[in-house]
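Colleague: structural data only, the sequence is not supplied:
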Ligand SMILES: Nc1ncnc2c1ncn2[C@@H]1O[C@H](COP(=O)(O)OP(=O)(O)OP(=O)(O)O)[C@@H](O)[C@H]1O
Ligand SMILES: [Mg+2]
C-alpha cells in the first residue's frame, strides 16, 4: 500500500564510519527512509492516513475502557473529590449568621462587640426559627462552633430555647442567657469561620490551634493527637514493611528455585491469609496471643514464663504488628517471587565463574535484580498498611491504633466529617508523595506486580 | 598440541560418572584429556550430556564418581569461584543491571584489582572483540551478536587459562554465527587459552576445533581431529552424525586383511574397509560419503560398481545432488560436481555408481 514519493531510491547508504559498520550491515541495520516523502497509494500523505487509522484505534480503545472509567468515576474519583471538598468547606456560620457577620465587620476583636452585633445575632436566630425544621441552620452552627470551642453548643442551644423571652438591650439579654456570649473568644471564632472556606480542619489535623492573637501555633505537647498518630502509623508501617521483607525474601527465593509444582504448593500457604475471612483470622490471633491464649499458656506450661508475667501480645502495638505482617505478607511475596522466577540461575553461576564468592555474587548480581520486586512489594505493603483500618481496630487496643482508626472515629462517632476529610486527604497526599519519591528513585516502570 | 596420558594433560576427566536422579547415568565413564592451549569441542545430540560435563568442570555440578583434574590437581572439592575458569553461557548471562564496562569490571573487582589496571584490561578486552565504543551501554541495548562479544570479552578479561563455552552461538543467525566462529578461533589462537566448546552444530565443530569429542548417550563415541572424524568415523553413530552419509546394511561374508566382503541385503556384493566389525558372519553398516561416489563408472573401473535408479535431482550450483535407489536404499545421495560437461540426470534413469574400497567403511551394525 505504501509507495515512495519522488525518487524511489532515497534510502541512505549504511553509515560506514564506525568500526562496526560491517557488523551493522550483517545484522540488517539499514539507513532510515525519509518520512516526508511518503504517501499512500491513493495519494494521501502517509502521516495523515496513519493518524486517521490511529484515531479509530484510540476510539475503540476508549469505548472498551469506558464502563470501567465510568465506574471508577462514580465510585472512586467522585468520592475522593468530595472528601477533599469537605475538608475545606465551611458553610455553617455563613448560612446561619449572615446579619451578625455583617455587623461584626468593623469589630476590633479585643473587647466584646457592640449592642448592634447582638441585635443582628437576635435577628438571625429569630429568622432561623421561622424556617421549617429541616432547614434550620442553628443546629449545624452549634455543632460547627463546638469543634472550635467546647461550650458553644450548649450556649447556642440554651439561647435558642429562650429566644422568645429575649428583650432589648440584646447584649445584656444574651449575656444573661449564657455567659459564653461574653467571651470574646467565641466572637473571634464566629468572625474567623465566617468564610465559606476554612483551613481550620487542617489546622486541627496538624495538631495546631489559633493563639489568642489569632496566630496559628502548635498545640501543647501533651494535647497533640494526630501528628504523633501519623508518626506512629508511619513507624508501624515501616516495621511491618521490614518484617514482611525479612520474612518474604527468603521464602520467595526458596520458591523461585523450587520446581513449579512444589512452588505452587508453598504459594498456597503464603496466600492462605487471602482466603480466610478476616474475622476468622483475627479470632485465631486472639486465641493464640491473648493473655490466657495458646502461646502464653504454652510458655507458662514449659516453665519459661511466670504465671504472673504473661506476655501482653494483643490489644497493643505487638498485636497490630503481628496480625498485619501476616495479612500483608502475600503482597510482598507475590511481586518478589514473580521477579525472582525470571532471574535465570545462570547469572549467579556466571558471577561465580568470574570469581565472586557466593555472598558477593548474591549481593552484587542477584540482589540488584530483585530490586523491582522489592520496590513493588515495599510500595504495596507500605501504602496498604498506612491506610489499614480493620485489623488495628480489632487487635490494636489503644497503642496499636493507626490514623485510619482516628478517621473512622470522626466519621462514625464524633461525626466531625470535616476533620475526618482533612485527615484522609493528608493520608492520601502522603501516599502520593511516597509514590512520587519511589518513582523518582526507582522508576515506576520498574514496578513488577505479580 | 594433543596431550596423551594424564601426566601433561591440562584438563583430565578420569572415569567420571554423573547421575542426577540416582537411577540413570547421564555421563557414563568419561575419560578425556585436554592439552594446554587446545580447542576441544564436545559435539553431540541434545541430551547427550555435554552441558553436564561442562558444568562439572566449571564446578556447578559434582561428579557422582571419578576425578576431574585441572593442571594435574583434582578439583572436585574446589568451589567454582576458586577454579579460575572463564565461562560463556548460552544465554550470555550478562548482568542486566550493569553496563558493559561494569560487567567486564566485575571479575577484576572481585579480584581486588586497582582501578587503572582494571580500566586498562577492560579496554584491551573490548578492543579484542571490536566493541571498544560500547563500554557505557547496558546489555539490553545490544544486539545478539554484540552481547555475544561482550560475554566472550568478560570470560577472557581476567585472563583465565581455561575457557568453557556452552553453545555460545546458539542464538545467532547463520551469517553472524560464521563470523563469530572465525573470531573466536582467532582469539583462541592469539591468546593461547585452552577452550572447551560445546555445540550440537557439526559444521561449527569441524571448522573451529583442534579435536572433537563426539558425545552420545553419555559416552564419547569418538575423539579425533576434525578431518579424522569426517574421513575415518569409527562407528555408525559418528558416521551418521558428522556430515552427510550413505548407509548400506549387510552381512560380512569374508575378511581378507583389512578388506571385508559384504553381502548387502538385496544380494549385491560390496568390498569395504574393515573398521568396526566383529568377524565373519556379523552384520554391518557400510558408510559412504556422497562426494566419494562416482557416476557412470565402467565395470571394473572401481572396487565396487552398483546400479542406481535416479529418484530426485537438486541443482545446487557448484554441484548436483542426486538421490538414488541403490541396493534397496532409496535415500542414497550422490554429489556430482558441476563440471563443464554438465550431466543431465533424468528421473528413473539407471546410473552405474562406483567407489573405492577405502571410502566404504564397514562399521558396527547399530
Ligand atoms: N539439573 C538436572 N536435573 C536432572 N536431570 C538433568 C539436569 N540437567 C540435565 N539433566 C538431564 O541430563 C541429560 C543430559 O543433559 P545435558 O544438559 O548435559 O545435555 P546436553 O548434551 O547439554 O544437551 P543440549 O544439546 O540439549 O544442551 C538430559 O537427559 C537431561 O534431561
Ligand atoms: Mg546443553
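Modeller: That came through fine. Just so it is clear, the model here is predicted, and its values are computed rather than measured. Numbering: from 1, shown residues only, chains lettered A, B, ... in the order given. Ligands and ions are numbered 1, 2, ... in the order given.
Colleague: quick one: the residue of the stretch 101-250 of chain A found nearest ligand 1 from residue A:258, how far?
Modeller: Residue of the stretch 101-250 of chain A nearest ligand 1, by C-beta to the nearest ligand atom: residue A:250 (22.2 Å). C-beta here means a position set from N, CA and C on the backbone, and glycine is covered the same way. Distance of residue A:250 to residue A:258, computed by C-beta to C-beta, to the nearest Å: 13 Å.
Colleague: the more surrounded of those two?
Modeller: residue A:258 (14 against 10; other C-beta atoms under 10 Å in any protein chain shown).
Colleague: what sits against the more buried one?
Modeller: Counting by C-beta atoms under 8 Å, 6 or more residues apart in numbering or on different chains, residue A:258 touches residue A:266.
Colleague: 10 Å instead?
Modeller: Residue A:258 makes contact with A:264-267, according to C-beta atoms under 10 Å, 6 or more residues apart in numbering or on different chains.
Colleague: which among those end up buried?
Modeller: A:266-267 (16 or more other C-beta atoms under 10 Å in any protein chain shown).
Colleague: how does chain B divide into domains?
Modeller: Per the record, chain B has its domains at B:9-236, B:244-363, by automatic domain parsing.
Colleague: how long is the first one from one end to the other?
Modeller: Okay, so that is domain B:9-236. 29 Å (C-alpha to C-alpha, to the nearest Å).
Colleague: give me phi/psi at residue A:293?
Modeller: Backbone geometry at residue A:293, expressed as degrees, to the nearest 10, gives phi -80, psi -180.
Colleague: apart from its chain neighbours, what residue comes closest to it?
Modeller: residue A:287 (5.8 Å; C-beta to C-beta, 6 or more residues apart in numbering or on different chains).
Colleague: and residue B:337, by the same measure?
Modeller: Leaving out its chain neighbours, the residue that sits closest to residue B:337 by C-beta to C-beta, 6+ apart is residue B:319, at 5.3 Å.
Colleague: and residue 44, what's its pLDDT?
Modeller: Reading this off chain A. pLDDT for residue A:44: 79.
Colleague: wait, chain B was what I had in mind.
Modeller: 92.
Colleague: can you give me every residue that contacts it?
Modeller: B:50, B:53, B:198-200, B:202, B:205, B:212-221, B:237, B:241.
Colleague: tell me the pLDDT of residue 275.
Modeller: With no chain named, the answer covers chain A. On the pLDDT scale, residue A:275 gets 84.
Colleague: chain B, not that one
Modeller: pLDDT, read off for residue B:275, is 89.
Colleague: which residue is the nearest non-sequential neighbour of it?
Modeller: Here the residue nearest residue B:275, using C-beta to C-beta, 6+ apart, is residue B:361, at 4.8 Å.
Colleague: could you check how far that neighbour is from chain A?
Modeller: 39 Å (C-beta to the nearest C-beta, to the nearest Å).
Colleague: give me the pLDDT value at that residue.
Modeller: Reading off the model, residue B:361 has pLDDT 92.
Colleague: go on, residue A:19?
Modeller: For residue A:19, the model assigns a pLDDT of 41.
Colleague: the one 4 residues further on too?
Modeller: Per-residue confidence (pLDDT) for residue A:23: 42.
Colleague: got the contact list for the residue in the stretch 151-300 of chain A positioned nearest to chain B?
Modeller: Closest to chain B within the stretch 151-300 of chain A is residue A:259: 12.9 Å, counting by C-beta to the nearest C-beta. If you count contacts by C-beta under 10 Å, 6+ apart, residue A:259 has none.
Colleague: pretty sure residue B:157 is touching residue B:103, no?
Modeller: Yes. Counting by C-beta atoms under 10 Å, residue B:157 does reach residue B:103; the two are 9.2 Å apart.
Colleague: number of nearby residues for the residue nearest to residue B:275?
Modeller: Residues near residue B:361, counting by other C-beta under 10 Å: 27.
Colleague: hang on, it in a strand?
Modeller: Yes. Under DSSP: H, G, I helix; E, B strand; the rest coil, residue B:361 sits within a strand.
Colleague: bridged to it, which residues?
Modeller: residue B:273, residue B:287 (DSSP bridges).
Colleague: can you give me the distance of it to residue B:339?
Modeller: Residue B:361 is 27 Å from residue B:339, by C-beta to C-beta.
Colleague: how about residue A:386?
Modeller: Residue A:386 is 85 Å from residue B:339, by C-beta to C-beta.
Colleague: counting neighbours, go ahead and name the busier of these two.
Modeller: Counting neighbours by other C-beta under 10 Å for residue A:386 and for residue B:339 shows that residue A:386 has the greater number, 23 against 8.
Colleague: how about the more buried one, what does it touch?
Modeller: A:230, A:233-234, A:236-238, A:240-241, A:402-404, A:427-428, A:430-431, A:434.
Colleague: buried subset of the residues you listed as a ChimeraX selection?
Modeller: Those of these that count as buried under 16+ other C-beta under 10 Å are selected in ChimeraX with:
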select /A:230,233,234,236,237,240,241,402,403,404,427,430,431,434
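Colleague: which parts of the lengthiest helix in chain B are buried?
Modeller: Counting by DSSP state H, the longest helix found in chain B is helix B:174-191. Residues of helix B:174-191 classed as buried under the neighbour-count rule (16+ other C-beta under 10 Å) are B:176-181, B:183-185, B:187-188, B:191.
Colleague: other SSEs contacting it?
Modeller: The contact analysis (3 or more C-beta pairs under 10 Å, 6 or more residues apart in numbering or on different chains; DSSP states H and E) places helix B:174-191 against helix A:21-26, strand B:39-43, helix B:115-128, helix B:144-157, strand B:162-166, strand B:194-199, helix B:202-208.
Colleague: now residue B:352. Its backbone dihedrals?
Modeller: Per degrees, to the nearest 10, the backbone of residue B:352 is at phi -90, psi 120.
Colleague: inside strands: which ones of the contacts of residue B:44?
Modeller: B:198-199, B:212-216, B:219-221 (DSSP state E).
Colleague: out of the residues you listed, who's nearest residue A:207?
Modeller: Distance to residue A:207, by C-beta to C-beta, is smallest for residue B:198 among those, at 69.2 Å.
Colleague: pull the number of nearby residues for that closest one.
Modeller: So residue B:198, with other C-beta under 10 Å, has 24 neighbours.
Colleague: quick one, what contacts it?
Modeller: Residue B:198 neighbours (C-beta under 10 Å, 6+ apart): B:40-44, B:50-51, B:53-54, B:88, B:90, B:164-168, B:170, B:205, B:213, B:215.
Colleague: for residue B:289, same thing?
Modeller: By C-beta under 10 Å, 6+ apart, the contact list for residue B:289 reads B:230-231, B:233, B:239, B:242-246, B:333, B:335, B:355, B:359-361.
Colleague: show me which of the residues you listed are buried.
Modeller: Going by neighbour count (16+ other C-beta under 10 Å), the contacts of residue B:289 have B:230-231, B:233, B:239, B:242-243, B:245-246, B:333, B:335, B:355, B:359-361 buried.
Colleague: just the closest of those to residue B:29, please.
Modeller: For the buried ones among the contacts of residue B:289, the nearest to residue B:29 is residue B:233 (21.0 Å; C-beta to C-beta).
Colleague: list the contacts for residue B:324?
Modeller: For residue B:324, counting by C-beta under 10 Å, 6+ apart, the contacting residues are B:246, B:293, B:295, B:306-313, B:330-334, B:345, B:349-351, B:353.
Colleague: where's it relative to residue B:258, distance?
Modeller: On the measure of C-beta to C-beta, residue B:324 and residue B:258 end up 28 Å apart.
Colleague: find me the pLDDT at the closest residue to residue B:118 other than its chain neighbours, would you?
Modeller: Ranked by C-beta to C-beta, 6+ apart and with sequence neighbours excluded, the top spatial neighbour of residue B:118 is residue B:108, at 4.5 Å. pLDDT recorded at residue B:108 is 96.
Colleague: so what's residue B:108 up against?
Modeller: A:354-355, B:114-115, B:117-122, B:125, B:157-159.
Colleague: and residue B:49, by the same measure?
Modeller: B:18, B:25-28, B:30, B:42, B:56, B:215-220.
Colleague: format those residues as a markdown table; extra columns: distance to chain A and neighbour count.
Modeller: Output for the contacts of residue B:49, formatted as a markdown table (distance: C-beta to the nearest C-beta, whole Å; neighbours: other C-beta atoms under 10 Å in any protein chain shown):
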| residue | distance to chain A | neighbour count |
| --- | --- | --- |
| B:18 | 17 | 21 |
| B:25 | 22 | 18 |
| B:26 | 18 | 19 |
| B:27 | 19 | 27 |
| B:28 | 25 | 16 |
| B:30 | 21 | 23 |
| B:42 | 17 | 26 |
| B:56 | 13 | 23 |
| B:215 | 21 | 27 |
| B:216 | 25 | 18 |
| B:217 | 25 | 15 |
| B:218 | 22 | 22 |
| B:219 | 26 | 18 |
| B:220 | 24 | 22 |
